[in-house]
Each structure stands twice: as C-alpha cells, then as structure tokens.
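Q: using only what follows, build the 3D model:
(one chain, ligands or ions: 1)
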Amino acid sequence: MEYARSILDLIGNTPLVRISRVTRGIGPLERQPLVLAKLEMLSPGGSVKDRIGLPMIEAAERDGLLRPGGTIIEPTSGNTGHGLAIAAAIKGYRCVFVMADKQSAEKQAILRAYGAEVVLCPTNVPPESPESYYSVAARLARDIPGAYKPDQYWNAENTAAHEATTGPEIWRQTAGQITHLVASVGTGGTITGAARYLRSQKPDLVVVGADPEGSVLSGDVARPYLTEGVGEDFIPGTFDPELIDRWVRVSDRDAFAMARRITREEGILAGESCGTAMLATLQVARELTESGQGPGAVMVVILPDGGRNYLSKLYNDEWMRANGLLASAGSVVRVREVLEDRHHGEQIPDLVLARTTEKVGAAIRRLEDYGISQMPVSEAAEGSELAGIVGSISEKGLLERAYRDPGVVERTVGEVMDPPLPVVQETAPLDEAFALLARGVPAVLAIRLERPVGLVTKLDVLEYLSHHPRLGG
Ligand SMILES: Cc1ncc(COP(=O)(O)O)c(C=O)c1O
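A: As a prediction, this is how the structure comes out:
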C-alpha cells in the first residue's frame, strides 16, 4: 500500500513544469533559456508557506515555548496561516491569525475553515502603529496565556525550511543544471533559504528577486500596493539581501495581468505574486535570449500560491476594473475574439495561403480575389502546418518589387517572398498582437497550438474596437 502517515508528509516536493507560452514574445525558441516553474500551489495548503508551518511549531515545542493546549498567534498574509493551521489541526493547537484587511476574503475564509480565528487590521498604517497587524499580533501574544507567536519574519526556521527542502528539491529536479533562481520576496524565507542551499552547490548561481513597486526590499519608497504576500515596508530578519544579484520591480497592473496570462495560457491557476515572479523571469530570460546566452541557461521560478486564493479579486473583472487594473482593452480581449468578430464582406476562408512553388502572378490574383493585402507562404504542397510556413507576401512588398522588375510575376513566390509574419497564440491577450502591429509589422499570424488559424491586421483590431466601444477602462 502507498499512503502518507498524515497530510504533513505531503508538504513540499512540488513539481517543476516547463513554461513555454507566456515566454513566446521574448525571442526565437531555440535562443531562449529553459524556464521551469516550481508549482508551490500544489502543496496541501495551497502555497509555499506550508513548508514553514510544521518546522516553526516543532522548534517551539522543542524549546518549551509551545505546550499542549497552547495558542498559535501569527501576523500573516494568509498563506503562512494555512501552513500553521494544517500543522495545528494535526497537533491540536488553537490558532489566532492577524491579517491586514487588504488580504482576500478567500484567504480569511480558508483560515476559518481550518478552525482558526481571524483578526483583521487596517492595511495602510505603518508597522509601528498600534493598529498594524504586527502590533496587534504582538499584543495578543502577550495577553493570551500559553500563546506562542512563531513570527515568520524573524524565525530562523522559516529560512532553514527552504534551505532544507526547496533548495535541495530544485537542485535534484534540475540535475544540478539550474543557472538562475527567481522568486518574489515577502519574509525572504523562500529566496534566502533556497539560494543559500543552491549557492553552496553552485557558487555562480544568479539569484533574481522580484518585488512590487512600493516595497522597501528592493529599495523603493514604501507606499501601498495591491499585490498580496510579497514586498514589505521593513527588512525582515529572515531575509538576506546579500544573496540577491539583481532585483526586478513590478507594478500591480503588470503582476495581475501576468498572473492571468499564466492561468489562461499555461493552464496554471496562478496567484498574484506568481505574476510578479514571472515578469522578473521574463525580463531576465529576454536579456539572456538577446545576448545569445539563452541556450544552456536553466531558470527556475517559484510560483508561491494559486488563483483560488484570489477569485474575488484578481479573477474578478469588476474588482480589477474598480482598482484600475484592467485599463487596456487588449489585456481582456484575446486574439481569437478579434478573429471571430471579423465581418468579411464575402465568403473568405479564415486563412489564405500562398505556396512557394506557385507563380507570383497567381498569388497576386488571389490577393485580388479575396480583397486581402498579405498571405503567409507555405512550402508544403497542401495543408497549413506552422512548420511549413517559410515566408510571407504582401501587396506592399510585391508592388515594390514589381515596380522595379515587372518580370517578377513570372517568378515563383518562394523566390520573392518576405520573412514569415510574427506568430501569436489565439488565446494570447490582444496586447501581444497590438505590440507587434505597433512596431510596424503588416499583420500577425494567429495560431492554435501549432496550427495557423488566421491573420490579424491593424484594420481587424480597429474594427473590433469600433464594435466594442465599452471595453477596458
Ligand atoms: C502569495 C505569496 N507569495 C510570495 C510569498 C513570499 O514568500 P517568502 O515569505 O518566503 O518570501 C508569500 C509569503 O507569505 C506569499 O504569501
């Protein structure tokens, strides 16, 4: 029989998965680094913080700070509470969690579901204010008999748990080939512990910290932000800034949009701080790709928790709009919707292809017949696999050639074609297609997995927007 003794034995050992869709925009695949995400949302409590709950409790038991019948009190953004609540459920302790009121209703509800009590405090007060969730937790720990406050921000077990589990798991899973570690930073336990272990194995490991705008960890001036679980207005004792080689600072809007993309394009239901970490990953991955250092590089990004924690916020369009996080039409609309919305005058197939072997004159006649301005060119005799697309022809390109050399119409398309059009997934946000069109490409080729399904031109986007005037905003 194969079974765990208790749910605690199932914490950690989260899988790595290759990220290959949100990375499409950063350059040709063969020049990109390998990007692997560590899926901490698959831990029983739904986050990376499961790893620290039990070790903090057991250390307190060893030190005589927590005794049978005792109460665990912790200021938490939610996830550490879930980790502690799981361990407390098994061991029979009472839990009181103190949270800032910006944390999602789901996180509070989950804590209550485990039987914990939740105390809410205002978010936008300094940590030293008597109202802050740090101060309230300290007061409760003083006032409640038998109370113990693990204090994840200063508890050495936090970092030690990641040094003992997260780091070694990544080392084993990448067979020692990891070159870059990327993590969003809250208490800093994850990045500090994992980086400490991985550096001991590989001294030239590059460690990238991802931080929200408005967090002092990366040196910004403290101000309110919406991303939960990461960034701080003080430097926690569990965080060793010396281990960080570079920081990437991420706005709420970008982090939320990227979290949604991870969910919709990679099928990984992601929390907000996953977006923060993934944006930092993409920035470094793009630099590696552009400088020719992509091949051979192995980036591991930690995805700390899942989207179920944020259904009422990140995955609620109304909340997103009310908080100014869904401003551009292109972040909510997908490329596919523009294709589906197209009103062709006549019966035009979604995709018209030219073949490398056909005469330019024949291709020009097809452009005329369908009233279109460009076509992808396939070298296959029939069918429309992406692998066969080797170029493109356009009204503009052909006119320039034919004007100089009228004999061009007798040549084959393969001899005169332009490079292939850039490709976007039909499930990608329209923003991606828009960015390419804005750079001056005549059209982008939308694909469904590896199969071309249609071309999107500037006119198509304009028509779509004119049919949907109330998008975004
Ligand atoms: C959603 C989320 N992401 C990231 C983190 C950061 O992890 P760490 O505290 O180990 O830096 C946390 C920590 O609470 C979190 O809740």
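Q: C-alpha only now, for contacts and for neighbours.
A: OK.
Q: how close does the residue of the stretch 351-473 of the chain found nearest the ligand get to Phe256?
A: At 23.9 Å from the ligand, Pro429 is the closest residue in the stretch 351-473 of the chain, using Cα to the nearest ligand atom. Separation of Pro429 from Phe256 (Cα to Cα, to the nearest Å) stands at 13 Å.
Q: phi and psi next, for the residue of the stretch 351-473 of the chain closest to the ligand.
A: phi -60, psi 150 (degrees, to the nearest 10).
Q: count of neighbours near it?
A: A count of neighbours around Pro429, defined by other Cα atoms under 10 Å, yields 24.
Q: who's it bridged to?
A: Beta bridges link Pro429 to Arg334 when assigned by DSSP bridges.
Q: residues from this protein in reach of the ligand?
A: 77, 79-80, 184-190, 228-230, 273, 304-305 (Cα under 6 Å from any ligand atom).
Q: what about 8 Å?
A: Contact residues (Cα under 8 Å from any ligand atom) of the chain with the ligand: 47-49, 76-80, 152-153, 158-159, 183-192, 228-230, 239, 271-274, 303-306.
Q: which of those residues fall in strands?
A: Ala183, Ser184, Leu303 (DSSP state E).
Q: dump the residue contacts of the residue lying closest to the last one once chain neighbours are set aside.
A: In other words, Leu303. Distances taken as Cα to Cα, 6 or more residues apart in numbering place Cys274 nearest to Leu303, at 4.8 Å, with adjacent residues excluded. By Cα atoms under 8 Å, 6 or more residues apart in numbering, the residues touching Cys274 are Ser184, Ala255, Met258, Ala259, Ile302, Leu303, Pro304, Asp305.
Q: and which of these is nearest to Leu351?
A: Ranked by distance to Leu351 (Cα to Cα), the contacts of Cys274 are led by Met258 at 29.4 Å.
Q: and the closest one, how far from Asp211?
A: 14 Å.
Q: and those two? Which one has more around it.
A: Between Met258 and Asp211, counted using other Cα under 10 Å, Asp211 has the larger neighbour count: 30 against 24.
Q: hang on, that one in a helix?
A: No: Asp211: not assigned to a helix; according to DSSP: H, G, I helix; E, B strand; the rest coil it is strand.
Q: any idea whether the closest residue to it other than its chain neighbours is helix, strand or coil?
A: Nearest non-adjacent residue to Asp211, counting by Cα to Cα, 6+ apart: Arg249, 4.9 Å away. With three-state DSSP as the basis, Arg249 sits in strand.
Q: tally of neighbours for Leu465?
A: Applying other Cα under 10 Å, we find 16 residues neighbouring Leu465.
Q: before we move on, what SS does Ile447 have?
A: strand.
Q: that one: what's it in contact with?
A: Leu386, Val423, Val424, Gln425, Glu426, Val453, Gly454.
Q: do Glu128 as well
A: Tyr134, Ser135.
Q: can you tell me the helix or strand for it?
A: Secondary structure from DSSP states H and E places Glu128 outside every helix and strand.
Q: least confident secondary structure element in this protein?
A: Across the helices and strands of the chain, mean pLDDT, DSSP states H and E gives its lowest value to helix 329-332, namely a mean of 68.
Q: what segments of the stretch 201-350 of the chain are strands?
A: Under the criterion DSSP state E, counting those that start in this stretch, the stretch 201-350 of the chain contains strands at 206-212, 246-250, 298-303.
Q: would CSV of these with mean pLDDT be doable?
A: As requested, these are arranged in CSV below (pLDDT from 0 to 100):
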stretch, mean pLDDT
strand 206-212, 98
strand 246-250, 98
strand 298-303, 98
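Q: and Pro406, which of those is closest to it?
A: So among the strands of the stretch 201-350 of the chain, strand 298-303 is nearest, using Cα to Cα, at 51.1 Å.
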